[in-house]
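Colleague: structure, please.
(chains A and B)
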Amino acid sequence: MKKILVMLVLSMLALSVFASKIAIVGSTTVLPIAQQWAQAYMKMNPDVNISVVGNGSGNGIKALLDGVADIADSSRWMSDTEIKSAVSKGLFPFPIVVAYDAIAPIVNSDNPVRNLTLDQLQQIYSGKITNWSQVGGPDMPIVVVTRDNSSGTFEVWAERVMRGMLVKPEALTVASNAEVVRAVASNKRAIGYVGLAYLESGSNISEVAISGMKANVEAARSGAYPLARPLFMIVNGIPSNQIAKFINFGLSPAGQKIVAEVGFVPIYEVK
Amino acid sequence: MKSTIDRLISVSGLTSIAIIVAITFFLFYNWIPLFETVEPIGFFFGTLWYPTAVPPFYGILPLLDATVWISSLAIFITIPSAFVIAIFITYIVPKKFRYILKTFLEIFSSIPSVILGLIGLSIVAPYFQNVLNMDTGQNILNAAIMLSLITIPMPASMMEDFISAFSPEQKEGSQALGANEFETLTRVVIPGLKGPFASITMLSLGRIFGETMIVLMVAGNAAIFPSNIFQPARVLSSTIAAEMGETPVGTPHFYALFGIGAILFVITFLINVAGEMIRFRYERQMMK
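Modeller: Numbers count the residues shown, from 1 in each chain, chains lettered A, B, ... in the order given. Down below sits the predicted model:
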């Protein structure tokens, strides 16, 4: 019995010595992708140990530059101070686009409004436009639905639609894409915004085009759609060994299928 | 043998006290760094809650205001309803159903609050919007109704205990003087139970104050100073629940959420202390 135990402990020690470790830190938006990739990858390669932490893009990049993380998840491009800091440390950060994130404004299907400009959306969300009749709809007040201010979806909305203006405090604030769909589907006065994957999930919601353009995967990839952005994994220098293999898995059809499953736009068409 | 059990009990008692002290310390410890970057006045009296805007605003005044609105409306619904239910069970329901009804009441109080939140969201909110034509059904009224529903069983059951256990000598004395049952209830029993009822009210308030899930789901979470009960509102507890998950550790936003937690802790603590003090005074009066 004792022998077996000793053997077990020894073999576990041996495993932990030889197992490769990859530490992924960063954006909460990229977190579901990183987690699912890590799970799938570890299943195929039991000797690799991947830890995934979601604590914001800034923290991820900081961890990468401090040498604490192997991969930084980021929902934005590196800032100039981050690039300066990398250069001064003699590092060569290497960003890789792993997926695209696209969000679309939605209204209740009973509301005839199907097209708005970015400026109109900004004014509706900041409280300058308060009635649907001001944007060509019926005479009823607009009920604004927004996401909690630390979500990645809100981040895109703040950056691309609000452009420095504050969402009016009267806005209903909900904690998930699914709740936005529910709030808008049940209220004919409401407007909200959700990730592309959630457009089909509600029966009583309709997408609002932005200046005539509807959200779709091609427009998200090409950058033509205004509410889309690339999501990055940033590594130190050109990746090699396990990190290269892991990223390669993520960019493979299997990895990109996971991207679509967790609600983002894959970087190329996957069946 | 006895000393082992004694020791076990005192160890577990001391452990739980130590854990509570540790939690309190932890809350305040994670709150203090906020004031390195944010003025205390901006936190306590700021009127805007935009923790991720540039520049950020960390004013909790609208959250406090909304918490007061929702809690007072909920307690306003809860206590009279609980009282009516308690009277109903003690005086009107036949004895053999009394036990069944009380058990049912106690089971009802253990329904997970997320279920009531779901009912508020999928039944009450659409009703408010489509039938009563409110702008949004996710508002103070909806939250207060749902909070009352989950709170009522506790005070109702406690009130019933007090009413049925009320001194038989005094009740019989009152009836001997010619008062009927209703007069005995209103003139003797209720005045005699002022203390416990006040204490029950405080306990219910404490429960309502800390309830998070229902309010997060049905109150609409708009950080405004509401002017009527048909407006959405954002309370202290649901702000923590909605934002903590995605807030980077060590940022002012993170510390501000801990600050909200500490404030919530202090308020709930004070409410419970007040409830206990009222009960203590009543019990001393009874001893005399």
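
Colleague: so where is the stretch 1-150 of chain B shaky, pLDDT-wise?
Modeller: B:1-2 (pLDDT under 70).

Colleague: near chain A, which residues of it?
Modeller: With Cβ under 8 Å from any Cβ of the partner chain as the criterion, the stretch 1-150 of chain B meets chain A at residues B:48-54, B:62, B:121-122, B:125-126, B:129, B:135-138. C-beta: built from backbone N, CA, C; applies to glycine.

Colleague: for the stretch 1-150 of chain A, which residues are neighbours of chain B?
Modeller: Counting by Cβ under 8 Å from any Cβ, the residues of the stretch 1-150 of chain A near chain B are A:28, A:54, A:55, A:56, A:58, A:59, A:141, A:143, A:148, A:149, A:150.

Colleague: return the subset of the residues you listed lying in helices.
Modeller: Using DSSP state H, the members of the residues of the stretch 1-150 of chain A next to chain B that fall within helices are A:58, A:59.

Colleague: isn't residue A:236 right next to residue A:64, touching?
Modeller: Yes. Residue A:236 lies in contact with residue A:64 (Cβ atoms under 8 Å); the separation is 6.4 Å.

Colleague: list residues touching both of these two?
Modeller: Jointly contacting residue A:236 and residue A:64 under the rule Cβ atoms under 8 Å, 6 or more residues apart in numbering or on different chains are A:70, A:93.

Colleague: my guess is residue A:64 is in a helix, correct?
Modeller: Yes. According to DSSP: H, G, I helix; E, B strand; the rest coil, residue A:64 belongs to a helix.

Colleague: that one: neighbour count?
Modeller: Neighbourhood size, residue A:64 [other Cβ atoms under 10 Å in any protein chain shown]: 28.

Colleague: isn't it up against residue A:93?
Modeller: Yes. Using Cβ under 8 Å, residue A:64 makes contact with residue A:93 at a distance of 6.9 Å.

Colleague: before we move on, the earlier item: which PyMOL command selects the buried ones in the residues of the stretch 1-150 of chain B next to chain A?
Modeller: Buried residues among these (16 or more other Cβ atoms under 10 Å in any protein chain shown), as a PyMOL selection:
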select buried, chain B and resi 48+49+50+51+52+53+62+121+125+129+135+136+137+138
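
Colleague: quick one: which of the residues of the stretch 1-150 of chain B next to chain A sit in strands?
Modeller: If you go by DSSP state E, those have B:49, B:50 in strands.

Colleague: list the ones among the residues of the stretch 1-150 of chain B next to chain A that fall in helices.
Modeller: Using DSSP H, those in helices are B:62, B:125, B:126, B:129.

Colleague: which of these sit farthest apart?
Modeller: B:62 and B:126 (26.4 Å; Cβ to Cβ).

Colleague: which residue is nearest the middle of chain A?
Modeller: Nearest to the mean C-alpha position of chain A, counting by Cα atoms, centre = their mean, stands residue A:29 at 3.3 Å.

Colleague: and the residue nearest the centre of chain B, what does it touch?
Modeller: Geometric centre of chain B, nearest residue: residue B:208, 1.9 Å, by Cα atoms, centre = their mean. Contact partners of residue B:208, counting by Cβ under 8 Å, 6+ apart, are B:70, B:71, B:74, B:75, B:78, B:147, B:151.

Colleague: what residues do residue A:64 and residue A:93 have in common as contacts?
Modeller: A:234, A:235, A:236.

Colleague: dump these into TSV; add neighbour count, secondary structure and distance to residue A:226 as well.
Modeller: Below are the shared contacts of residue A:64 and residue A:93 laid out as TSV (neighbours: other Cβ atoms under 10 Å in any protein chain shown; DSSP: H, G, I helix; E, B strand; the rest coil; distance: Cβ to Cβ, whole Å):
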residue	neighbour count	secondary structure	distance to residue A:226
A:234	23	strand	24
A:235	22	strand	29
A:236	19	strand	32
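
Colleague: phi, psi of residue 52?
Modeller: Defaulting to chain A. phi -120, psi 130 (degrees, to the nearest 10).

Colleague: against residue A:30, how distant is it?
Modeller: The gap separating residue A:52 from residue A:30 is 10 Å, by Cβ to Cβ, to the nearest Å.

Colleague: these two: which has the busier surroundings?
Modeller: A direct count of neighbours by other Cβ under 10 Å for residue A:52 and residue A:30 places residue A:30 higher, at 29 against 21.

Colleague: do you have the strands of the stretch 1-150 of chain B handy? List them.
Modeller: B:49-50, B:57-58 (DSSP state E, counting those that start in this stretch).

Colleague: now do the SS call for residue A:73.
Modeller: strand.

Colleague: partners of it in the sheet?
Modeller: residue A:26, residue A:233 (DSSP bridges).

Colleague: for it, what are its contacts?
Modeller: A:24-27, A:29-31, A:33-34, A:54, A:57, A:60, A:231-233.

Colleague: with residue A:171 instead?
Modeller: A:125, A:144, A:145, A:146, B:222.

Colleague: phi, psi of the last one?
Modeller: The one in question is residue B:222. phi -90, psi 130.

Colleague: repeat for residue B:225
Modeller: Dihedral angles (degrees, to the nearest 10) for residue B:225: phi -90, psi 100.

Colleague: so it makes contact with residue B:64?
Modeller: No. Here residue B:225 does not reach residue B:64: they are 10.0 Å apart, not a contact under Cβ under 8 Å.

Colleague: who has more neighbours, the two?
Modeller: Of the pair residue B:225 and residue B:64, residue B:64 is the one with more neighbours under other Cβ under 10 Å, namely 19 against 14.

Colleague: look up how far residue B:193 lies from the more buried one.
Modeller: In terms of Cβ to Cβ, residue B:64 sits 32 Å off from residue B:193.

Colleague: what ranges do the helices span in chain A?
Modeller: Using DSSP H, helices in chain A cover A:2-18, A:31-44, A:57-65, A:80-88, A:118-126, A:152-157, A:177-185, A:217-222, A:241-251, A:253-261.

Colleague: now the fourth one: buried residues?
Modeller: Same thing as helix A:80-88. So for helix A:80-88, counting by 16+ other Cβ under 10 Å, buried means A:82, A:85, A:86.

Colleague: quick one, what contacts residue A:103?
Modeller: Contacts of residue A:103 (Cβ under 8 Å, 6+ apart): A:153, A:156, A:157, A:193, A:194, A:195, A:196, A:215, A:227, A:228.

Colleague: okay if I get those residues as a markdown table plus pLDDT, distance to residue A:266 and neighbour count?
Modeller: A markdown table is the format used below for the contacts of residue A:103 (pLDDT from 0 to 100; distance: Cβ to Cβ, whole Å; neighbours: other Cβ atoms under 10 Å in any protein chain shown):
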| residue | pLDDT | distance to residue A:266 | neighbour count |
| --- | --- | --- | --- |
| A:153 | 82 | 18 | 22 |
| A:156 | 84 | 18 | 23 |
| A:157 | 90 | 22 | 22 |
| A:193 | 93 | 21 | 24 |
| A:194 | 88 | 18 | 27 |
| A:195 | 83 | 14 | 22 |
| A:196 | 81 | 11 | 24 |
| A:215 | 85 | 15 | 23 |
| A:227 | 89 | 17 | 24 |
| A:228 | 89 | 13 | 23 |
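
Colleague: could I get the residues you listed in a markdown table, plus columns for distance to residue B:87?
Modeller: Output for the contacts of residue A:103, formatted as a markdown table (distance: Cβ to Cβ, whole Å):
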| residue | distance to residue B:87 |
| --- | --- |
| A:153 | 50 |
| A:156 | 56 |
| A:157 | 52 |
| A:193 | 50 |
| A:194 | 49 |
| A:195 | 52 |
| A:196 | 56 |
| A:215 | 58 |
| A:227 | 58 |
| A:228 | 62 |
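
Colleague: okay, and which of those map to strands?
Modeller: A:193, A:194, A:195, A:228.
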